[in-house]
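Chemist: need a structure here:
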Amino acid sequence: MILWSRVNELRDEVGAEDFDEVVELFLDEVEEVIDRLRQNADLSQLEQDLHFLKGSALSLGFADFSNLCQEGERKSANGQAKSVDLTAIIVGFAQSKSQFTAQLPEMISA
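Modeler: Below is the predicted model:
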């Protein structure tokens, strides 16, 4: 689920003219971490990676993805990094990004 009210807040904060660039930067940074998790997750760094992803997700209104990251971050902080469902996090990001990019033109023009 995308929190479009948060997306609109971000657009208001950065300005319409810079919004696309900010979104692109956020997505690039998130994809970099997602790729690292996909290829070879460093469990000693997992809590920090998921904290970063959670914050980025909140900035873009990616509510479900943020919740997945928060749960994984909590597990990692409690010494349970091995039990974090990285596949769910990776899929959650892909689904959120797909929904975001598909609906963005309609939602920001509303």
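Chemist: from the contact counts, what lies against the helix or strand containing Arg11?
Modeler: Counting by DSSP states H and E, the element that carries Arg11 is helix 4-14. Counting contacts by 3 or more CB pairs under 8 Å, 6 or more residues apart in numbering; DSSP states H and E, helix 4-14 packs against helix 16-40, helix 46-60, helix 86-109. Using the backbone N, CA and C atoms, a C-beta is placed for each residue, glycine as well.
Chemist: go again with 7 Å.
Modeler: Helix 4-14 sits against helix 86-109, with contacts defined as 3 or more CB pairs under 7 Å, 6 or more residues apart in numbering; DSSP states H and E.
Chemist: between the helix it packs on and helix 4-14, how big is the angle?
Modeler: Per axes from the mean of the first three to the mean of the last three CA atoms, to 10 degrees, the angle that helix 86-109 makes with helix 4-14 is 70 degrees.
Chemist: tell me which residues are up against helix 86-109.
Modeler: 2, 4, 7, 11, 27, 30, 34, 37-38, 41, 60, 62, 64-65, 68-69, 72 (CB atoms under 7 Å, 6 or more residues apart in numbering).
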